[in-house]
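Undergrad: starting from these lines, generate the structure:
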Amino acid sequence: MNRAEPPQILCATPHGRVLLFTLQTGQGLPSHRHPQHWGIITVLSGTLAATFGGMQTLSRSEVFRFDANEPIELRAATDDTCFLVTLIPMTPPETLP
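TA: As a prediction, the model looks like this:
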(Lines give C-alpha, C1' and ligand atoms only; values in the text may rest on other atoms or scores of the structure.)
Protein backbone atom coordinates (compact mmCIF):
# COMPACT_ATOMS: atom_id res chain seq x y z
CA MET A 1 0.00 0.00 0.00
CA ASN A 2 1.24 3.49 -0.84
CA ARG A 3 0.88 5.76 2.16
CA ALA A 4 -1.64 8.58 1.71
CA GLU A 5 -0.63 12.22 1.70
CA PRO A 6 -1.54 14.09 4.90
CA PRO A 7 -5.21 15.09 5.01
CA GLN A 8 -6.67 18.53 4.76
CA ILE A 9 -7.76 19.53 8.27
CA LEU A 10 -11.22 21.06 7.93
CA CYS A 11 -11.86 21.50 11.65
CA ALA A 12 -9.81 20.98 14.82
CA THR A 13 -11.35 21.88 18.18
CA PRO A 14 -11.47 20.28 21.64
CA HIS A 15 -14.83 18.84 20.51
CA GLY A 16 -13.38 16.93 17.56
CA ARG A 17 -11.52 16.97 14.27
CA VAL A 18 -12.68 16.64 10.67
CA LEU A 19 -10.11 15.45 8.13
CA LEU A 20 -10.50 15.32 4.33
CA PHE A 21 -8.57 12.64 2.41
CA THR A 22 -8.29 12.25 -1.37
CA LEU A 23 -6.61 9.00 -2.46
CA GLN A 24 -5.79 7.17 -5.66
CA THR A 25 -6.10 3.40 -6.10
CA GLY A 26 -3.81 1.59 -3.67
CA GLN A 27 -3.09 4.59 -1.47
CA GLY A 28 -4.16 4.40 2.12
CA LEU A 29 -3.49 4.55 5.81
CA PRO A 30 -1.82 1.60 7.52
CA SER A 31 -3.38 0.08 10.61
CA HIS A 32 -3.63 2.74 13.32
CA ARG A 33 -5.74 3.83 16.29
CA HIS A 34 -7.01 7.04 17.85
CA PRO A 35 -7.24 6.21 21.57
CA GLN A 36 -10.23 7.63 23.44
CA HIS A 37 -12.08 8.68 20.26
CA TRP A 38 -15.11 7.68 18.26
CA GLY A 39 -14.69 7.82 14.50
CA ILE A 40 -17.01 8.40 11.56
CA ILE A 41 -16.03 7.89 7.92
CA THR A 42 -18.15 9.52 5.23
CA VAL A 43 -17.30 8.53 1.67
CA LEU A 44 -17.79 11.44 -0.74
CA SER A 45 -16.58 9.69 -3.93
CA GLY A 46 -14.94 6.47 -5.04
CA THR A 47 -14.66 3.23 -3.07
CA LEU A 48 -12.84 2.74 0.21
CA ALA A 49 -11.72 -0.58 1.70
CA ALA A 50 -11.75 -0.39 5.51
CA THR A 51 -10.31 -3.18 7.64
CA PHE A 52 -11.86 -2.99 11.08
CA GLY A 53 -12.77 -6.32 12.63
CA GLY A 54 -13.12 -7.63 9.07
CA MET A 55 -13.20 -5.97 5.66
CA GLN A 56 -15.81 -3.33 4.86
CA THR A 57 -16.19 -1.88 1.37
CA LEU A 58 -17.63 1.63 1.49
CA SER A 59 -18.92 3.49 -1.55
CA ARG A 60 -20.06 7.04 -2.24
CA SER A 61 -22.61 8.36 0.28
CA GLU A 62 -21.93 5.61 2.81
CA VAL A 63 -21.21 6.42 6.45
CA PHE A 64 -19.31 4.09 8.78
CA ARG A 65 -19.03 4.61 12.56
CA PHE A 66 -16.20 2.95 14.47
CA ASP A 67 -14.52 2.82 17.88
CA ALA A 68 -11.21 4.50 17.13
CA ASN A 69 -9.60 2.73 20.11
CA GLU A 70 -9.52 -0.33 17.83
CA PRO A 71 -7.09 -0.61 14.88
CA ILE A 72 -8.38 0.43 11.47
CA GLU A 73 -6.72 0.34 8.05
CA LEU A 74 -8.03 2.31 5.06
CA ARG A 75 -7.19 1.87 1.36
CA ALA A 76 -8.63 3.40 -1.82
CA ALA A 77 -10.10 0.75 -4.14
CA THR A 78 -10.67 3.30 -6.93
CA ASP A 79 -9.03 6.51 -8.12
CA ASP A 80 -10.23 9.82 -6.72
CA THR A 81 -11.59 8.26 -3.53
CA CYS A 82 -12.51 11.17 -1.29
CA PHE A 83 -13.71 10.76 2.28
CA LEU A 84 -14.08 12.58 5.57
CA VAL A 85 -12.87 11.21 8.88
CA THR A 86 -14.52 12.77 11.92
CA LEU A 87 -12.88 12.04 15.28
CA ILE A 88 -14.84 12.81 18.43
CA PRO A 89 -13.28 12.51 21.91
CA MET A 90 -14.95 10.00 24.22
CA THR A 91 -14.32 12.45 27.04
CA PRO A 92 -17.31 14.78 27.50
CA PRO A 93 -16.47 18.25 26.11
CA GLU A 94 -17.24 19.95 29.43
CA THR A 95 -14.30 18.09 31.03
CA LEU A 96 -11.81 19.13 28.35
CA PRO A 97 -9.38 21.99 29.08
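Undergrad: which residue is nearest the middle of this structure?
TA: For the chain, the residue nearest the mean C-alpha position is residue 85 (3.7 Å; CA atoms, centre = their mean).
Undergrad: that one touches residue 16, doesn't it?
TA: No. The pair residue 85 / residue 16 is not scored as a contact, 10.4 Å apart, by CB atoms under 8 Å. To be clear about C-beta, it is placed using only N, CA and C from the backbone, and glycine gets the same treatment.
Undergrad: ends of stretch 45-57, what's the gap?
TA: When the termini of stretch 45-57 are compared using CA to CA, to the nearest Å, they are 13 Å apart.
Undergrad: mind listing what's buried in that stretch?
TA: By 16 or more other CB atoms under 10 Å, the buried positions in stretch 45-57 come out as 46-50, 52, 56.
Undergrad: all strands for this protein, in order.
TA: For the chain, strands defined by DSSP state E occupy the ranges 2-3, 8-13, 16-23, 27-32, 37-45, 47-51, 55-59, 63-67, 72-76, 81-89.
Undergrad: mind listing what's buried along the fifth one?
TA: Across strand 37-45, burial judged by 16+ other CB under 10 Å covers 37-43.
Undergrad: pull up the pairing partners for that strand, direction included.
TA: When pairing is defined by DSSP bridges, strand 37-45 lines up against strand 63-67 (antiparallel), strand 81-89 (antiparallel).
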